[in-house]
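Participant: my questions concern the predicted model and sequence given below.
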Amino acid sequence: MIKAIRWVLGQLIVFFDWITRPRPLQRSPQEQAAVDSRTRQLALYQFQLCPFCVKVRRAMRRLNLNIETRDALNDPVHRAALETGGGEIKVPCLAIEENGETRWMYESSDIIAWLEREFAPR
């Protein structure tokens, strides 16, 4: 019963996210290409219906960030990578590749604050 309630609430959250989706930030083609180059080093491990993951995806859209999303619920490869690399299966989690090493950032508010520091216009 609880699982069914969670599923219904998750569907409602995703629906309201879809109808109230923020407009992406507009950049020049050169600026967007530079941002896209930097975001290739990022991956968001997430569950589609998780409200905290929706919050991060909304920030990604608002900032016009093309970050790969990885389904850690239904994809066993991504789930195992999250557990092995990050140390736990907890979403959202942003994997940040820097200098050949991966840093794992949990907590939606921390992820959004980092994305805004790195990619929001100044």
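Facilitator: Sure, I can see it. Since the structure is predicted, the reported quantities are computational estimates derived from the model, not experimental observations. Numbering: from 1, shown residues only.
Participant: use CA for all of it now, contacts and neighbours both
Facilitator: OK.
Participant: CA-only coordinates of stretch 56-71, as CSV, when you get a sec.
Facilitator: Provided in CSV are the C-alpha atoms of stretch 56-71 (Å, rounded to 0.1, in the frame of the first residue of the first chain):
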residue,chain,number,x,y,z
VAL,A,56,18.0,19.0,-9.0
ARG,A,57,16.7,18.3,-12.5
ARG,A,58,14.7,21.6,-12.4
ALA,A,59,17.8,23.5,-11.4
MET,A,60,19.7,21.8,-14.3
ARG,A,61,17.0,22.9,-16.7
ARG,A,62,16.9,26.4,-15.4
LEU,A,63,20.7,26.7,-15.7
ASN,A,64,20.5,25.0,-19.2
LEU,A,65,23.0,22.3,-18.2
ASN,A,66,23.3,19.1,-20.3
ILE,A,67,24.2,16.7,-17.5
GLU,A,68,23.8,13.0,-18.1
THR,A,69,21.2,11.5,-15.8
ARG,A,70,21.7,7.9,-14.7
ASP,A,71,18.9,5.8,-13.4
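Participant: mind checking pLDDT for D75?
Facilitator: pLDDT recorded at D75 is 97.
Participant: kindly report the same for N64.
Facilitator: 97.
Participant: for Q11, same thing?
Facilitator: 88.
Participant: ok, the closest residue to it other than its chain neighbours - contacts?
Facilitator: Nearest residue to Q11 in three dimensions, chain neighbours excluded: L49, at 6.6 Å (Cα to Cα, 6 or more residues apart in numbering). Going by Cα atoms under 8 Å, 6 or more residues apart in numbering, L49 touches W7, G10, Q11, I13, V14.
Participant: following the one helix or strand the second one maps to, which helix or strand comes up?
Facilitator: With elements taken from DSSP states H and E, the one containing G10 is helix 2-19. Note on helix 2-19: by DSSP H and E, the next helix or strand toward the C-terminus is helix 29-39.
Participant: quick check: buried residues in stretch 75-88?
Facilitator: H78, R79, L82, G86 (16 or more other Cα atoms under 10 Å).
Participant: export the residues you listed to a markdown table and tack on distance to E107?
Facilitator: Output for those, formatted as a markdown table (distance: Cα to Cα, whole Å):
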| residue | distance to E107 |
| --- | --- |
| H78 | 18 |
| R79 | 17 |
| L82 | 14 |
| G86 | 12 |
